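A.B. asks: mind folding the following:
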Amino acid sequence: MAAPMAAAEPAGKGFFIGLGQLKGGRQKSLATGVSADGLAVVGMSTSLKGPEPFRWTPSGGLVGMGNFEGAEYKGGANAVSADGSIIIGWSTSARGPEAFFWTAKDAMRVLGTLGGKAYESKATGLSANGAVVVGTSLSAKGKEAFRWNLRAGMQGLGSLGGTPFESQGNAISADGLTVVGTSVSATGKEAFRWTDKEGMKGLGFLDGGKASYAMAASADGSVIVGTADSVNGREPFRWTAAGGMKGLGSLGGKELRSEAQAVSADGSVVVGFADTPDGKQAFIWDAAHGTRLLKKALAEVGCDVGKWQPATAMAISGDGRFIVGVALNPDEHLEAFLASLVAPLPAGYRAPPPAAASKKAAEPAPKKAEPAAPAPAPSAPKSPAPAAPSPATKPAAPAAKG
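C.D. replies: Alright, predicted model coming up:
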């Protein structure tokens, strides 16, 4: 059994905690989103019924969010609003995978699709106030990125014009104005930036590469991060309008890949994962320190994670204080984590109970502000929604969260 992970004592500046797993299923969980204050974390965990979205708070722990009625239990939460009150992701219904929008008051509700022959949509990104959702849906044209808000509903964003027609929405800026993702262009799969004024624009490629994937954007959309093929292999990039796409290097060498998954609001801190000779490991990048393994960065502030290995950092709070993702715990199971290099352990935190022994889990294939939106039309969940907020894979192409 893995002992509950607490903060390191020496420096008292940072912490690293495992968030546990839902009971009954394979011992696996991963965190994909975090609120501004670090007091709400969302993601996916395997329960007795199957993969299920979860919401975690320091006092309530990790709680399953249920599923739509009518089909297999399968889904995940991908993002949370800055105040922790709105969650988006996808769940399976009798019609197929559907994007959802969750609030404590109205529970899990569907966002619909773009009307393709098959019924499928997944929500992967959310503006800070929860008013705008982005993701990917099947449409009459094919796989297409979408943007949703209460007034306009779900709108397809088109593509970069390549064949086949394909685009994937991965994230949105905090102000709700810039969508980023990947589309097929004349050259290949290319990272894009979409705004209402300019539409979808390709971000180009790193030297020597013909594939790029945008995974996250800063609060105003001026900084975009992701991964791209290059002469150095697959490496994370950071894009700005002035400087274009710049590679951040690799920790694993040319034969191994590294991918950026998230960026802070001001664009100064990037997190993701790197394949290394010691396995997949989470990294953190900033201009002052360059790319560092998250495990080493935590050790530098006096936080020893022991036998845990942070494998992928999947999201970061706007101010850069809180990082979430998935780690290999001491029992060699994948477990969601919450960490910080600068903040203290959240008040009211209760360590999760040790999990019962089970077979080792397989690593997953490693996702001007509008007024806050009321929830869309309801669809009944199978199980009760979590409690109200507490105060307070990729080898060929990176997949959207979920």
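
A.B. asks: name whatever forms a beta bridge with the closest residue to V179 other than its chain neighbours.
C.D. replies: What sits nearest to V179 in space, not counting adjacent residues and going by C-beta to C-beta, 6 or more residues apart in numbering, is W194, at 4.2 Å. Every residue, glycine included, has its C-beta placed from N, CA and C. The residues listed as beta-bridge partners of W194 by DSSP bridges are V179, M200.

A.B. asks: go ahead and confirm W194 touches F146.
C.D. replies: No: under the criterion of C-beta atoms under 8 Å, W194 lies out of contact with F146, with a separation of 10.5 Å.

A.B. asks: shared neighbours of these two, anything?
C.D. replies: Common contacts of W194 and F146 (C-beta atoms under 8 Å, 6 or more residues apart in numbering): 157, 169.

A.B. asks: any stretches of the stretch 1-150 of the chain with poor pLDDT?
C.D. replies: Applying pLDDT under 70 to the stretch 1-150 of the chain flags residues 1-12, 25, 70-71.

A.B. asks: ranges for the strands of it?
C.D. replies: Along the stretch 1-150 of the chain, the segments classed as strands by DSSP state E, counting those that start in this stretch run 15-18, 24-34, 41-47, 51-57, 61-64, 75-80, 86-92, 97-103, 107-110, 121-126, 133-138, 143-149.

A.B. asks: ok, now which ones touch the residue nearest to V179?
C.D. replies: For W194, the contacting residues are 145, 147, 157, 169, 178-181, 200-201, taking C-beta under 8 Å, 6+ apart as the criterion.

A.B. asks: ok, now with 7 Å
C.D. replies: For W194, the contact set (C-beta atoms under 7 Å, 6 or more residues apart in numbering) comprises 157, 179, 200.

A.B. asks: repeat that for A118.
C.D. replies: Under the criterion of C-beta under 7 Å, 6+ apart, the contact list for A118 reads 96, 138.

A.B. asks: mind running it again at 10 Å?
C.D. replies: In this structure, A118 makes contact with 95-97, 138, judged by C-beta atoms under 10 Å, 6 or more residues apart in numbering.

A.B. asks: between those, which is closest to A79?
C.D. replies: Ranked by distance to A79 (C-beta to C-beta), the contacts of A118 are led by P97 at 16.4 Å.

A.B. asks: what is the closest one paired to in the beta sheet?
C.D. replies: Under DSSP bridges, the residues paired with P97 across the bridge are T92.

A.B. asks: doesn't G116 make contact with it?
C.D. replies: No: shown here, P97 and G116 do not form a contact pair, counting by C-beta atoms under 10 Å, at 12.0 Å.

A.B. asks: quick one, strands of the stretch 151-300 of the chain?
C.D. replies: In order along the chain, the stretch 151-300 of the chain carries the following strands (DSSP E, counting those that start in this stretch): 153-156, 167-172, 179-184, 189-195, 199-202, 212-217, 223-230, 233-240, 244-247, 258-263, 270-276, 279-286, 290-293.

A.B. asks: need those strands in a markdown table (columns: mean pLDDT and distance to L341).
C.D. replies: What follows is the strands of the stretch 151-300 of the chain, written out as a markdown table (pLDDT from 0 to 100; distance: least, C-beta to C-beta, whole Å):
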| stretch | mean pLDDT | distance to L341 |
| --- | --- | --- |
| strand 153-156 | 97 | 38 |
| strand 167-172 | 98 | 23 |
| strand 179-184 | 98 | 25 |
| strand 189-195 | 98 | 28 |
| strand 199-202 | 98 | 34 |
| strand 212-217 | 98 | 19 |
| strand 223-230 | 96 | 18 |
| strand 233-240 | 95 | 19 |
| strand 244-247 | 97 | 23 |
| strand 258-263 | 97 | 15 |
| strand 270-276 | 95 | 11 |
| strand 279-286 | 95 | 8 |
| strand 290-293 | 95 | 10 |
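
A.B. asks: S340: which of those is closest?
C.D. replies: Of all the strands of the stretch 151-300 of the chain, it is strand 279-286 that lies closest to S340, at 11.1 Å by C-beta to C-beta.
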